[in-house]
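Quick one: sequence and predicted model below, then my questions.
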Amino acid sequence: MKLRKLGASKLHVSELGLGCMSLPTELEAARSVLDAAVEGGINYFDTADLYDKGTNEELVGKVLKEKRHDLIIATKAGNKWIAGKDGWTWDPSKEHIMHAVKESLRRLQLDYIDLYQLHGGTMEDSVDETIEAFELLKKEGVIREYGISSIRPTVIERFLKNSNAVSVMMQYNLLDRRPEEYFSMIEKLGASVVTRGTLAKGLLTNEGNKRAAKMDVFASYAQSELQRTVQALLEQTDNLHAYTLAFALKRPTVASALIGSRTAEQLQQSLDAYHTATDPQLVKLLTQATTQHRYEQHRLGN
């Protein structure tokens, strides 16, 4: 597994990272996935305090604590569960972040977090207060680096311009190429992209047709266009999974492509796809079969 430098930091993350949101909530089932990821060379694990009301962080902590020094553990904050309810509220305040990080450290059984991310963001936020919290945590050694998880160009640009953030997590794949318009801005401001939704909910695997038939829309594709596009991709390769990963990683702005797996078998499929040789010319042809849509909202200059 190759490593890539994360933004302007000293962190080097595996080209495939494990998005832990998909982990089963039973310990041994989660352990089988996490152990398989480590054995497969993955060193980057991404969770959030929001996932399963903190249970996800607890599982990651229990399984990975003994391997901790060889790994990059990332989590997120900014969403706060409402006591006694299933919903949550947005709270990017310094007070909340300073409290949330302590709870994440406890659940993860860590002394520090490698990458701490703001889990969203709006232009109405007091961004200076949020950044102040991250900078203080970094100074105290509680976190090594910080970043943001957002698809809003305006929010991303403001956050990066006013901080030392090193990463932007955003959905990016062959069917959702909207982020490409802003890759140069992100790179210029010293950050890398971490892709989520890399396999587009399974649309970009050999089960793509089956998945597309059950979806009304995806990203900027209406159902009929989505089905035609997925079919066109599948007609050009018998290993769309492998080419999907190759597409995400061909951009130097991308440091790591996250995959989600509920079983060790699913994880192994992604590892096998990653290690499959791909033809750069076919990657180009597959890219041409898709549309580079644009974000309609939160555009820079609007």
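That came through fine. Numbering: from 1, shown residues only.

and residue 296, that's in a helix?
No: the assignment for residue 296 is coil, going by DSSP: H, G, I helix; E, B strand; the rest coil, so no helix is present there.

neighbours of it, just the number please.
Each residue near residue 296 was counted by other Cβ atoms under 10 Å, and the total is 9. Using the backbone N, CA and C atoms, a C-beta is placed for each residue, glycine as well.

One more: the one 5 residues further on?
Taking other Cβ under 10 Å as the neighbour definition, residue 301 ends up with a count of 5.

Could you look up the SS state of it?
Note that with three-state DSSP, the state of residue 301 is coil.

Quick check, pLDDT for it.
Per-residue confidence for residue 301 comes out at a pLDDT of 82.

show me the contacts for the closest residue in space to residue 119 that isn't next to it in sequence.
Leaving aside its chain neighbours, residue 119 sits nearest to residue 76 (3.7 Å; criterion: Cβ to Cβ, 6 or more residues apart in numbering). By Cβ atoms under 8 Å, 6 or more residues apart in numbering, the contact set of residue 76 is 47-50, 116-119, 149.

Residue 176 versus residue 293, what's the distance?
In this structure, residue 293 and residue 176 are 8 Å apart, going by Cβ to Cβ, to the nearest Å.

Show me the shaky parts of the stretch 201-302 of the chain.
Across the stretch 201-302 of the chain, the ranges flagged by pLDDT under 70 are 302.

redo that, cut-off 90
301-302 (pLDDT under 90).

Run through the helices of it in chain order.
Listed in chain order, the helices found in the stretch 201-302 of the chain under DSSP state H, counting those that start in this stretch are 208-213, 223-236, 240-249, 264-274, 280-288.

Including distance to residue 139 and mean neighbour count, could the ones you listed go into a markdown table?
Listed next are the helices of the stretch 201-302 of the chain as a markdown table, based on distance: least, Cβ to Cβ, whole Å; neighbours: other Cβ atoms under 10 Å:
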| stretch | distance to residue 139 | mean neighbour count |
| --- | --- | --- |
| helix 208-213 | 45 | 17 |
| helix 223-236 | 47 | 16 |
| helix 240-249 | 33 | 24 |
| helix 264-274 | 36 | 19 |
| helix 280-288 | 42 | 14 |
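
Including distance to residue 57, could the ones you listed go into a markdown table?
Formatted as a markdown table, these follow (distance: least, Cβ to Cβ, whole Å):
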| stretch | distance to residue 57 |
| --- | --- |
| helix 208-213 | 29 |
| helix 223-236 | 34 |
| helix 240-249 | 25 |
| helix 264-274 | 19 |
| helix 280-288 | 35 |
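
quick one, which of those helices is nearest to residue 297?
Ranking the helices of the stretch 201-302 of the chain by distance to residue 297, with Cβ to Cβ as the measure, places helix 223-236 first at 20.2 Å.

residues making contact with stretch 240-247?
Around stretch 240-247, the neighbours that count as contacts under Cβ under 8 Å, 6+ apart are 16, 173-174, 198-200, 204-206, 208, 233-234, 237, 257, 259, 269-270, 273-274, 276, 278, 282-283, 286-287.

Would you mind measuring from residue 122 to residue 296?
Distance of residue 122 to residue 296, given as Cβ to Cβ: 17 Å.

Thanks a lot, see you next time.
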